[in-house]
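In: quick one, structure for this:
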Amino acid sequence: KDPILNSFRDLRLQLQVLQKKDPGSKEYKADQKTLETRLKRLESQVMSDRQALMKRGKAAKMDTNQLQSNLKSARDNMNATMQQAADDVIALTQKLQDVEDKFA
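Out: Next comes the predicted model:
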């Protein structure tokens, strides 16, 4: 399972246990500090994971844009090549016609 989700569940359970204790006891204060420390660590981990996800998302978007650009360039190049080939066929056909007319 998700370790962050498990950590939140664990913190909730510990908070429920803490709420049943006497707020004036030393044990209560120590447990409260422990929970606050764990919560801060968990918040830090969540923020770190979020930033990593944002970076990966940004990188994926950049990769997608680059791939789309490469695809467009390849299509344009293919269309230009096909147009040049068609023009070459027309020119060669015309030359062949001229040669046939010359020797006919």
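In: can you show me the helices along this structure?
Out: 3-19, 26-103 (DSSP state H).
In: ok, and what's touching the first one?
Out: Outside of helix 3-19, the residues that reach it under the criterion C-beta atoms under 8 Å, 6 or more residues apart in numbering are 28, 31-32, 34-35, 38-39, 42, 45-46, 49. Backbone N, C-alpha and C define where each C-beta goes, glycine included.
In: got a markdown table for the helices of the chain, with mean pLDDT and mean neighbour count too?
Out: What follows is the helices of the chain, written out as a markdown table (pLDDT from 0 to 100; neighbours: other C-beta atoms under 10 Å):
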| stretch | mean pLDDT | mean neighbour count |
| --- | --- | --- |
| helix 3-19 | 88 | 12 |
| helix 26-103 | 95 | 10 |
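In: middle-most residue in this structure, spatially?
Out: Nearest to the geometric centre of the chain sits G57, at 2.7 Å (C-alpha atoms, centre = their mean).
In: any idea how far it lies from P3?
Out: 21 Å (C-beta to C-beta, to the nearest Å).
In: before we move on, what about Q51?
Out: Taking C-beta to C-beta, one finds Q51 at 17 Å from P3.
In: pull out the CA atoms of stretch 79-86 and give them to me as CSV.
Out: Presented in CSV, the C-alpha positions along stretch 79-86 are these (Å, rounded to 0.1, in the frame of the first residue of the first chain):
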residue,chain,number,x,y,z
ASN,A,79,5.5,15.8,-48.1
ALA,A,80,8.4,17.8,-49.6
THR,A,81,10.1,14.6,-50.7
MET,A,82,7.0,13.3,-52.3
GLN,A,83,6.4,16.6,-54.1
GLN,A,84,10.0,16.6,-55.3
ALA,A,85,9.6,13.0,-56.5
ALA,A,86,6.4,13.9,-58.4
